[in-house]
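Asks: got a sequence here, can you model it:
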Amino acid sequence: MKLYVCYGTFPAPWRPGGHPCRNAYTALRDAGWDPDVVKSYGLTILPDQPFNQTEGRKEAKRLTGKSTVPVLLTDDGEVVADSKNIVAWARENPASGADRASASAGA
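Replies: You can find the predicted model right below:
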């Protein structure tokens, strides 16, 4: 499982509702998942500018048609874009004991 984020999963108390990448990450962790976090850098307000085309942003665009993050790519190949959708996905798909075991084994 990979979670494409901007610069990280840091708290943003100055942002109403919190930082979207952190919200997605926290929801996944609370649901028992341990995603590989891929820092994709760049700015949402200028997503397709050449300086914003990092590998992570290119992959987000390949997966969703948009360069914006967060984007979740599950081990089954399911793609979930936008923090609210990722939070909802995490609530609907808590990790099972088998999921946790395979994640810790590096699968």
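Asks: please count neighbours and contacts with C-alpha atoms only from this point.
Replies: Noted.
Asks: give me the low-pLDDT residue ranges for this structure?
Replies: For the chain, the stretches with pLDDT under 70 are 44-52, 97-107.
Asks: that one: strands as residue ranges?
Replies: Listed in chain order, the strands of the chain (DSSP state E) span 2-5, 36-39, 71-73, 79-81.
Asks: now tabulate those in CSV and tack on mean neighbour count and distance to Pro16.
Replies: Formatted as CSV, the strands of the chain follow (neighbours: other Cα atoms under 10 Å; distance: least, Cα to Cα, whole Å):
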stretch, mean neighbour count, distance to Pro16
strand 2-5, 24, 18
strand 36-39, 17, 22
strand 71-73, 26, 20
strand 79-81, 19, 20
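Asks: format those strands as TSV; extra columns: distance to Pro13.
Replies: Shown next, in TSV, are the strands of the chain (distance: least, Cα to Cα, whole Å):
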stretch	distance to Pro13
strand 2-5	18
strand 36-39	20
strand 71-73	22
strand 79-81	23
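Asks: what's the closest of the ones you listed to Ala88?
Replies: Comparing these against Ala88 with Cα to Cα, the closest turns out to be strand 79-81 (9.8 Å).
Asks: which elements pack onto that closest one?
Replies: With contacts taken as 3 or more Cα pairs under 8 Å, 6 or more residues apart in numbering; DSSP states H and E, strand 79-81 sits against helix 55-64, strand 71-73.
Asks: wait, which of these is closest to Pro11?
Replies: strand 71-73 (18.0 Å).
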